[in-house]
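Asks: task: produce atomic coordinates for the following.
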Amino acid sequence: MSFSRTRSSPRRLVFDIDGLLSLAAEVQTRKIPHPGGPRRAPPEPASVGRAGARAGGRLGSFTVSLWSRFWRRLAPADLPAGAQALEEKGDLAAAAVEYEREGLPDESVRLLLIVADADPDPTSRVRTLGRALRVASVQGEPPEGLPARYARARLDVLRATAAGAAPVWELTALARELEELGEPEAAAEAYGLAGDRPAQVRLLAASGKIEELEGVLARENERTRSGRVRNQLLAEAAALTSGGQRAEALRRALVFADLHPGDDEVAAVIRSLQDRLVRPPAVSLEVSGRPARYLLLDEVVIGRRDAPLIVASPMLSRAHLRIWRVDGVPTVADLGSRNGTLLAGARLGAPLAVRGPLALRLGGEVACTIEPLDGGVLVTVGGERHVVPLART
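Replies: You can find the predicted model right below:
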């Protein structure tokens, strides 16, 4: 194998590919003679350094050792001994600092790129690539492809950010930068994260990514259809409310919210309708020396939303359990709830007379005690006590 230095940069090497492959095979079989003595297996480095430790296996000790020995065979003799020693030990980050201190930005950038490639943490990788870009700027133009790598790494960080948390302006600026750097696929992704569908579609079409383009268009069509349905719902809710049918408007809004969660406008309509619905008349009093609410109702329904007695638990259905009087006896029945009502571990399947205290589990989790009281019932649920007189039938 042979190599030489170019006139434009005395530290850049030109070598033939056959010699490189020969050296790689020799290193792989671990038959390189030690420079200080007879032939023997090269020692493993004591540490792979900070970059290698972060790599989680991507930059193992043998890989660092192989690279260090390969570079030592090719490196000019006038490279700083301290930096070379750190590199051979596998402490590439420290070696990069030494090369930079010695006025060798090419060598520093070379090692920083290796460290960045081995780093699984997107944020740390961005810092390393940013540092490499700053060091490279000392000698003028950065190495080809480095700005694009730095931009893609920043996209990795923004992609890992919680949905909706990354600023739109930052995503848009990064998308434009990636587009200018000749990275249309990454730019399309950034535009998509920023919500700029036209720009995303334009770049996907230009780069020939047909499957991704079809997926984006399908999701956009679904959003458009959902938007039309939502607008129709809002118009119907307004008309029903004006006609005094707030309960029906609330029912339709709740159905839409179950099918399309996360719609803030519909959620606001639901809150408004719930606040404006007529609440059952109630007074506060003491029962057996303890506070309770007296609901002036002939019957009562316990549920998550559409009920006079609301228990805010996701385990309950909107209308979960009914309590009323049958032949003079208080009776309870599950209203076909999703998670059911348990009594002694068994699911309640038919109406049940309340002749003594009943310890129920609404939705299998929420404790609810119902006991007869002066012709009505005392309901204890969610840490509160409610007295319901019930009507005689």
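
Asks: hang on, Arg322 in a helix?
Replies: No: membership of Arg322 in a helix is not supported by DSSP: H, G, I helix; E, B strand; the rest coil, which gives strand.

Asks: could you check how far it is from Leu309?
Replies: 11 Å (Cβ to Cβ, to the nearest Å). (C-beta placed from N, C-alpha, C; glycine too.)

Asks: what touches both of these two?
Replies: With contacts defined as Cβ atoms under 8 Å, 6 or more residues apart in numbering, the residues shared by Arg322 and Leu309 are 300-302.

Asks: return the set of buried residues in the longest helix that the chain contains.
Replies: Determined from DSSP state H, the single longest helix within the chain is helix 210-242. Residues 212-213, 216, 230, 233-234, 237, 240-241 are the ones in helix 210-242 that count as buried (16 or more other Cβ atoms under 10 Å).

Asks: gap between the helix or strand hosting Leu86 and the chain center?
Replies: Secondary structure assignment for Leu86, by DSSP states H and E: helix 81-89. Between the mean C-alpha location of helix 81-89 and the chain-wide mean there is a distance of 41 Å, by Cα atoms, centre = their mean, to the nearest Å.

Asks: which element is encountered next along the chain beyond it?
Replies: Next along the chain after helix 81-89, taking DSSP H and E as the criterion, comes helix 92-101.

Asks: flag every buried residue along that next one.
Replies: The neighbour-count check on helix 92-101 (16+ other Cβ under 10 Å) flags 92-100 as buried.

Asks: distance of Ser288 relative to Ala367?
Replies: Distance, Ser288 to Ala367, by Cβ to Cβ: 19 Å.

Asks: which one's more surrounded, these two?
Replies: Neighbours around Ser288 and Ala367, counted as other Cβ atoms under 10 Å, are more numerous at Ala367. The numbers are 12 against 8.

Asks: about what we covered before: helices and strands around the helix holding Leu86, which ones?
Replies: Using 3 or more Cβ pairs under 8 Å, 6 or more residues apart in numbering; DSSP states H and E as the contact definition, the elements that helix 81-89 packs against are helix 61-74, helix 92-101.

Asks: what do you get if the cut-off is 6 Å, keeping everything else the same?
Replies: The helices and strands touching helix 81-89, judged by 3 or more Cβ pairs under 6 Å, 6 or more residues apart in numbering; DSSP states H and E, are helix 92-101.

Asks: for the helix it packs on, what is the average pLDDT?
Replies: Mean pLDDT, taken over the full extent of helix 92-101, equals 90.

Asks: mind listing what Ala94 touches?
Replies: Leu86 (Cβ atoms under 6 Å, 6 or more residues apart in numbering).

Asks: distance of it from Val115?
Replies: Counting by Cβ to Cβ, the gap from Ala94 to Val115 is 10 Å.

Asks: using the three-state scheme, assign the closest residue to Val366 other than its chain neighbours.
Replies: Using Cβ to Cβ, 6 or more residues apart in numbering and skipping residues adjacent in sequence, the residue nearest Val366 is Ser313, 5.1 Å away. Using three-state DSSP, the secondary structure recorded for Ser313 is coil.

Asks: what about the helices in this protein?
Replies: All helices of the chain, identified by DSSP H, fall at 17-28, 49-54, 61-74, 81-89, 92-101, 105-118, 122-136, 146-160, 168-180, 184-194, 197-206, 210-242, 246-259, 264-276.

Asks: JSON lines for the ones you listed, including distance to Thr380?
Replies: Below are those laid out as JSON lines (distance: least, Cβ to Cβ, whole Å):
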{"stretch": "helix 17-28", "distance to Thr380": "75"}
{"stretch": "helix 49-54", "distance to Thr380": "56"}
{"stretch": "helix 61-74", "distance to Thr380": "66"}
{"stretch": "helix 81-89", "distance to Thr380": "70"}
{"stretch": "helix 92-101", "distance to Thr380": "64"}
{"stretch": "helix 105-118", "distance to Thr380": "61"}
{"stretch": "helix 122-136", "distance to Thr380": "51"}
{"stretch": "helix 146-160", "distance to Thr380": "47"}
{"stretch": "helix 168-180", "distance to Thr380": "49"}
{"stretch": "helix 184-194", "distance to Thr380": "49"}
{"stretch": "helix 197-206", "distance to Thr380": "53"}
{"stretch": "helix 210-242", "distance to Thr380": "35"}
{"stretch": "helix 246-259", "distance to Thr380": "27"}
{"stretch": "helix 264-276", "distance to Thr380": "24"}
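
Asks: looking at those helices, which is closest to Leu296?
Replies: Among the helices of the chain, the nearest to Leu296 by Cβ to Cβ is helix 246-259 (19.0 Å).

Asks: how far off helix 264-276 does the closest one point, in degrees?
Replies: Going by axes from the mean of the first three to the mean of the last three Cα atoms, to 10 degrees, helix 246-259 is angled at 150 degrees with respect to helix 264-276.

Asks: can you list the buried residues in helix 246-259?
Replies: In helix 246-259, counting by 16+ other Cβ under 10 Å, buried: 246, 249-254, 256-257.

Asks: returning to what we had before: tell me the mean pLDDT for the helix holding Leu86?
Replies: Across helix 81-89, pLDDT averages out at 85.

Asks: run through the bridge partners of the nearest residue to Val387 once chain neighbours are set aside.
Replies: Taking Cβ to Cβ, 6+ apart, and ignoring the residues beside it in sequence, Val387 has Tyr294 as its nearest neighbour in space, at 4.7 Å. On the basis of DSSP bridges, Tyr294 takes part in beta bridges with Val283, Val387.

Asks: in the stretch 251-393 of the chain, which spans are strands?
Replies: Chain-ordered strands for the stretch 251-393 of the chain, with DSSP state E, counting those that start in this stretch as the definition, fall at 282-287, 290-295, 300-303, 309-310, 321-326, 329-334, 341-343, 346-347, 352-353, 358-362, 366-373, 376-381, 384-388.

Asks: for Leu111, which of those is the nearest?
Replies: Ranked by Cβ to Cβ, the member of the strands of the stretch 251-393 of the chain that lies closest to Leu111 is strand 366-373, at 60.4 Å.

Asks: and the closest one with strand 376-381, angle?
Replies: Angle, strand 366-373 to strand 376-381, by the same axes, to 10 degrees: 160 degrees.
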